[in-house]
Each structure stands twice: as structure tokens, then as C-alpha cells.
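S.K.: I'll drop the sequence and a predicted model, then ask my questions.
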Amino acid sequence: MTPTPTTALLLVDVINSFYEPGQPNYYPEVAATLPALASLRDTARARDALVVHAVERHYRGLADFEFDKLPRHHEAGAHDADFFPGFEPAARVREIVVPKRRYSAFYATDLDLVLREQGITRVIVAGVKTNVCIRATVQDAFAGGFEVVVPREATNSNRPHLAEASLEDIERYFGSVVTLHEAEALL
């Protein structure tokens with residue numbers, strides 16, 4: 001019997017808003033993450049690892065503290081909040097969607113509980129943006145006692161200097177920044 005994997009893949013905000021040209025948060029360099037994200041997704045599925053699609057989903061029409069900082073965005077059912085084509089959740093037990101209303105995939109969601117119930121001890125965090133949602137998710141994963149891994153090729157930002165600073169901080173304080181190949185070997 002194959003042991004249940006103890007590493008989960010967290011795909012953060014792989015949604016139209018960031019990946020579809022013309023959307024409000026799109027930036028051309030984001031496309032460079034797609035091959036690495038697809039490879040991680042496919043590897044995780046092939047090894048029956050838990051895949052978590054952590055996506056921003058705000059309540060339509062309701063007040064939201066985040067809207068004080070950013071224009072209204074990613075409301076449930078809106079096109080910008082939809083999964084980018086090819087990154088929709090698969091119909092398999094070990095693949096879930098965790099809606100989030102803040103930058104971190106852990107804050108005010110049940111992600112921590114789900115991961116612990118599945119015996120997950122390590123998370124591979126990939127997606128966008130490195131200096132915002134990836135960093136916030138990494139910090140909260142570390143605070144919760146999860147080993148954190150970030151594959152360098154699977155994240156970036158429209159503010160590359162902040163992405164680099166975040167990766168440096170992640171490596172120094174919260175986890176490991178590794179190559180795609182190294183991350184896939186952990187799944």
C-alpha cells in the first residue's frame with residue numbers, strides 16, 4: 001500500500017484576474033509561471049497529493065475591509081474570480097477549493113484544519129503574487145508549524161524587486177526557496 005502523501009500543493013490565485021490579458025491585475029510576466037504551475041499540478045495529481053486551490057472570493061456587494069486598500073475585485077461568480085483555463089480543480093477527492101478574503105490562504109479559512117486532518121506536514125506554495133498572497137500564505141503556514149517550500153519558477157510579481165525581497169525573506173525566515181525540480185521531488 002502506498003503511504004498517503006504528507007506534502008500538499010497550494011495553488012494561490014491562479015485566476016483570470018491575474019492571468020488573462022486585459023484583466024485588472026494582469027501583468028505580462030505572469031505567463032512565465034504557467035509551465036511550472038502546470039508541472040506542479042500534474043505531478044501532484046499523478047502522486048495523489050492534496051491539491052488546494054486557494055482563491056480570492058469576496059462576497060458580492062458586501063462591505064469588505066480589503067476594498068479599503070484595493071478596488072472591488074474577485075467577487076464570487078465574477079469572471080475575474082474564475083479559475084484561469086486549465087487550472088480548474090479536477091474531480092478528485094484530494095483536490096479542494098479554499099476561498100479566501102484576505103491575502104493569506106490561512107487567515108479566516110479552514111485550510112489549517114483541513115491540512116492537519118489529512119496529515120499534511122509540508123506545503124508547496126505557488127502562484128501569485130510573490131510579495132502579497134504568496135508571502136502572506138507562507139508566513140501563516142510557518143506560524144502554524146508547516147514546513148514551507150516555494151518553487152522559484154512558480155511565482156512572480158509585477159513588482160520584481162519586491163518579489164526578490166520576499167523570496168529572500170522566505171528563505172531566511174520562513175521556509176525554503178527551491179527549483180521546480182526540487183519541489184516536484186517532494187510531492
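M.R.: The structure has been received and is ready for your questions. Please read these numbers as outputs of a predicted model, since none were measured by experiment. Numbering: from 1, shown residues only.
S.K.: what about the longest helix in this protein?
M.R.: If you go by DSSP state H, the chain has its longest helix at helix 34-46.
S.K.: residue ranges for the helices of the chain, please.
M.R.: For the chain, applying DSSP H gives helices covering 16-19, 34-46, 111-117, 135-143, 160-169, 180-186.
S.K.: Which one, of those helices, ends up nearest to Ala154?
M.R.: Among those, the nearest to Ala154 by C-beta to C-beta is helix 34-46 (3.9 Å). For glycine as for every other residue, the C-beta is placed from the backbone atoms N, C-alpha and C.
S.K.: Can you add mean pLDDT and give the helices of the chain back as JSON lines?
M.R.: Output for the helices of the chain, formatted as JSON lines (pLDDT from 0 to 100):
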{"stretch": "helix 16-19", "mean pLDDT": "97"}
{"stretch": "helix 34-46", "mean pLDDT": "98"}
{"stretch": "helix 111-117", "mean pLDDT": "98"}
{"stretch": "helix 135-143", "mean pLDDT": "98"}
{"stretch": "helix 160-169", "mean pLDDT": "98"}
{"stretch": "helix 180-186", "mean pLDDT": "98"}
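S.K.: would you turn those into CSV with distance to Gly77 and mean neighbour count?
M.R.: As requested, these are exported to CSV (distance: least, C-beta to C-beta, whole Å; neighbours: other C-beta atoms under 10 Å):
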stretch, distance to Gly77, mean neighbour count
helix 16-19, 12, 23
helix 34-46, 24, 18
helix 111-117, 22, 16
helix 135-143, 24, 22
helix 160-169, 30, 16
helix 180-186, 32, 17
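S.K.: who wins for proximity to Ser104 among the ones you listed?
M.R.: Going by C-beta to C-beta, the one of the helices of the chain nearest Ser104 is helix 135-143, 3.9 Å.
S.K.: Rounded mean pLDDT for stretch 59-74, please.
M.R.: Taken as a whole, stretch 59-74 has a mean pLDDT of 88.
S.K.: Endpoints of that stretch, how far apart?
M.R.: 9 Å (C-alpha to C-alpha, to the nearest Å).
S.K.: any chance you could map the strands in the protein?
M.R.: Counting by DSSP state E, the segments of the chain that form strands are 7-12, 50-56, 95-100, 122-128, 147-151, 155-156, 176-178.
S.K.: Take those strands and lay them out in a markdown table including mean pLDDT and mean neighbour count.
M.R.: Listed next are these as a markdown table, based on pLDDT from 0 to 100; neighbours: other C-beta atoms under 10 Å:
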| stretch | mean pLDDT | mean neighbour count |
| --- | --- | --- |
| strand 7-12 | 98 | 26 |
| strand 50-56 | 97 | 24 |
| strand 95-100 | 98 | 18 |
| strand 122-128 | 98 | 26 |
| strand 147-151 | 98 | 23 |
| strand 155-156 | 98 | 26 |
| strand 176-178 | 98 | 19 |
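S.K.: Looking at these, which is nearest to Ala163?
M.R.: For Ala163, the closest of the strands of the chain is strand 155-156, at 5.6 Å, according to C-beta to C-beta.
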